[in-house]
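Novice: Here is the input, now give the coordinates:
(2 chains)
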Protein chains: 2
Amino acid sequence: MATQRIIDFLNTRRLNGPCLVVDLDVVRENYIGFEKALPDSRIFYAVKANPAPEILRLLASLGSSFDTASVTEIEMALDAGAPAERISYGNTIKKERDIARAFELGIRLFAVDSVEEVEKVARAAPGARVFCRVLTDGEGAEWPLSRKFGCVPAMAVDVLRRAKSLGLNAHGVSFHVGSQQTDLSAWDRALGDARGVFAALAEEGITLKMVNMGGGFPTRYLRDVPTAQAYGRAIFDALRKHFGNRIPETIVEPGRGMVGNAGVIKTEVVLVSKKADNDNVRWVYLDIGKFGGLAETMDEAIRYQIVTPRDGDRTEPCILAGPTCDSADVMYEKTPYPLPVSLTIGDELLIEGTGAYTTTYASVAFNGFEPLRSYVI
Amino acid sequence: MATQRIIDFLNTRRLNGPCLVVDLDVVRENYIGFEKALPDSRIFYAVKANPAPEILRLLASLGSSFDTASVTEIEMALDAGAPAERISYGNTIKKERDIARAFELGIRLFAVDSVEEVEKVARAAPGARVFCRVLTDGEGAEWPLSRKFGCVPAMAVDVLRRAKSLGLNAHGVSFHVGSQQTDLSAWDRALGDARGVFAALAEEGITLKMVNMGGGFPTRYLRDVPTAQAYGRAIFDALRKHFGNRIPETIVEPGRGMVGNAGVIKTEVVLVSKKADNDNVRWVYLDIGKFGGLAETMDEAIRYQIVTPRDGDRTEPCILAGPTCDSADVMYEKTPYPLPVSLTIGDELLIEGTGAYTTTYASVAFNGFEPLRSYVI
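Specialist: Residues are numbered from 1 along each chain as shown, chains lettered A, B, ... in the order given. As a prediction, this is how the structure comes out:
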């Protein structure tokens, strides 16, 4: 997944230290792929996945909308050329003064998952549209969601009823099937729940108009994942099954699926060693780790594809760790990573599929290491 | 543990957003406490715990030495007024060009735990002193160490022999009993291993001179921990037991024990809600979380003491979560945290014992949230 453009860039620039390189051509292809796969859905790019200004400008120019998590992200999307009506404030946890600031900036679409949050939105963004997030089980996702966001469908009915009574526009329902979701039936189950909320509120004369199907569209790490087309088909079938010929407006929020495979991290082997002569695994230490941008290796959740200059040589299981003095800074230990026995200090590796959830996760200066540098080409 | 100076500072400044406030008076007391408890040991402050320039300047002026993890940290210690001979490069994972840079800056004391690292040091820092880290089992530590650092004692003998043969000064042995270590016998076991390495090399005519006993000195979170005096006594007894009347030079590297209890994070309740009417726990969302500086709540390892303006009211178990759209951004869920039922959106809380391993762990800009601000008073 390191495109020729990325390889040429790295060969020409010979950069020191770890860095991420993102190929905008791949982002463009991904956007067009989502448009084709889901022609009736609006695409809200999840800015948190990678807020690089070049990515936001490209997507804004392609007509994308934006799902944001904070006032800063709203401002970044506006700066990239997106009009306010193409931006949603998708975080269910917002300070009232941040809601007010977003409202001032023209934002009119807000996520909620509790009566308490609805009350804040009603005070700080009168008349705005809100959608309520419902809990899903997240089964089948590699980066499973806890119950942190959303409420049970029965409570979503209460939340949206309350929104309406406070003068807000009870606009719809959202869910998130879990990041890197590879089980296509997850969307079917969640759409069934959404339909239940629509029906309960319709009985009270409240007509919802929108289903926000969130993200979860996977990028290819080590295993093949269904293509965007397969997702599109599965989602369309589920919409038809649950909503018949009254399919609501739909939104999708790809983040990882939009930029994950567009980026590659270049890293260097700092040390290869053993802890005892009779150890059967080697330790390979890189100049990037959990605190330098690879936070998603937490609990070994995401297993990236790694390319070495010695691929093809005999491999041995290795424990892969980062360069800091923190013992938690180990990427793969429970399931060691097979790497060439010939791997040597100074070798440059490529960690593929790292365009999403890397740069902004990096710590400010842990152990004195600078945050991950990023080049968008 | 919020000192009157910290409380007065927060009351006067009325700061918006989460922030850490560190009281230098407490850092000074801690330094003096370590000096009294371990009068024969040199104190190397672990800069990674909190590299705020004010803290480094204070400790440099008190005569402290510094344990650093990177060239950046070395430069910060030098800038704070520490001479190069009071700085060790304590990371066992170093790029050769970083070793060379450290050597240029005057650093002459390096950590190693493999023959491969010794070879780098020999090339880039000829004649320097090295100490080899040995593995300990970390039993009893709240933030247990993996096998990431160190090698078995038998291999340490090989590593130091190799150092000597390459013209380096085979200076000593280091260990780390695990962070926030509360079992005093851990030092005894580790010193026994160190003694074994001394003895094996003595037989070959190589005389080691130093034992670096690392850090691990706990700060008080929720439970009482032995005082510095008790640590000092236990360590002295173990040194006497293993080394008799030939006790080597000793070094300690407190980080958390030096600054942990000197800092308090001020945070605000953003949302209090339930996921279903019949839930028996509430969710409390703060404006700081795992990615904003509380990374050590990973796996709920560190359980901070939290002070609320409603302490004394009836409490209920709460799940405590951060403000980002990341479902992993939950601090305490497996073991919910008892908080007052009366807790309300907008309440300001104090998270105590947060002077160490918070500011620099914070992510650069995850979800658009700025890194943790810090005030050292």
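Novice: Read off the pLDDT value for the residue lying closest to residue A:160 once chain neighbours are set aside.
Specialist: The spatial neighbour of residue A:160 that comes closest, neighbours along the chain excluded (Cβ to Cβ, 6 or more residues apart in numbering or on different chains), is residue A:170 at 4.2 Å. For glycine as for every other residue, the C-beta is placed from the backbone atoms N, C-alpha and C. On pLDDT, residue A:170 comes in at 98.
Novice: With residue A:365 instead?
Specialist: pLDDT recorded at residue A:365 is 89.
Novice: Confirm for me that it is in contact with residue A:324.
Specialist: No. Between residue A:365 and residue A:324 there is no contact under Cβ atoms under 8 Å: 10.9 Å.
Novice: Out of those two, name the residue with the larger neighbour count.
Specialist: Neighbour count, other Cβ atoms under 10 Å in any protein chain shown: between residue A:365 and residue A:324, residue A:324 has more, with 25 against 22.
Novice: ok, the more buried one - contacts?
Specialist: Applying Cβ atoms under 8 Å, 6 or more residues apart in numbering or on different chains to residue A:324 gives the contacts A:289, A:291, A:292, A:366, A:367, A:369, B:48, B:69, B:91.
Novice: isn't the third one right up against residue A:322?
Specialist: Translated: residue A:292. Yes. Counting by Cβ under 8 Å, residue A:292 touches residue A:322, with 6.2 Å between them.
Novice: Would you point out the helix or strand in chain A whose mean pLDDT is lowest?
Specialist: When each helix and strand of chain A is scored by mean pLDDT, DSSP states H and E, strand A:141-143 comes last, with a mean of 56.
Novice: buried ones in whichever helix or strand comes after that one?
Specialist: Per DSSP states H and E, the first helix or strand lying C-terminal to strand A:141-143 is helix A:153-165. Buried residues in helix A:153-165, defined by neighbour count with 16 or more other Cβ atoms under 10 Å in any protein chain shown: A:153, A:155, A:156, A:157, A:158, A:159, A:160, A:161, A:162, A:163, A:164.
Novice: wait, the fifth one sits on residue A:116?
Specialist: Meaning residue A:158. No. In this structure residue A:158 lies outside contact range of residue A:116 using Cβ under 8 Å: 11.8 Å.
Novice: ok, back up a step: and the residue nearest to residue A:160, what are its phi and psi?
Specialist: The phi/psi pair for residue A:170 (degrees, to the nearest 10) reads phi -70, psi 100.
Novice: before we move on, what about residue A:126?
Specialist: phi -60, psi 130.
Novice: follow-up on the earlier one: which of the contacts of residue A:324 fall in helices?
Specialist: Using DSSP state H, no member of the contacts of residue A:324 sits in helices.
Novice: what about stretch A:40-48 and chain B, any contact?
Specialist: Yes. Looking at stretch A:40-48 against chain B by Cβ under 8 Å from any Cβ of the partner chain, the contacts come from A:46, A:47, A:48.
Novice: who wins for neighbours among these?
Specialist: Of all the residues of stretch A:40-48 next to chain B, the highest neighbour tally under other Cβ under 10 Å goes to residue A:47, namely 31 neighbours.
Novice: Just give the closest residue to that one, not the sequence neighbours.
Specialist: residue A:73 (4.5 Å).
Novice: So the one you found lies in a helix, does it not?
Specialist: Yes. Assessed with DSSP: H, G, I helix; E, B strand; the rest coil, residue A:73 lies in a helix.
Novice: Quick check: it touching residue A:49?
Specialist: No. If you go by Cβ under 8 Å, residue A:73 and residue A:49 don't touch, sitting 10.8 Å apart.
Novice: If we only consider the buried residues of helix A:153-165, which is nearest to residue A:196?
Specialist: Closest approach to residue A:196 among those (Cβ to Cβ): residue A:153, at 5.3 Å.
Novice: Pull up the gap between that closest one and residue A:132, please.
Specialist: Distance, residue A:153 to residue A:132, using Cβ to Cβ, to the nearest Å: 9 Å.
Novice: which residues sit in contact with the closest residue to chain B within the stretch 101-250 of chain A?
Specialist: Per Cβ to the nearest Cβ, the residue of the stretch 101-250 of chain A with the smallest distance to chain B is residue A:114, at 3.6 Å. Going by Cβ under 8 Å, 6+ apart, residue A:114 touches A:92, A:151, A:155, A:159, B:271, B:273, B:274.
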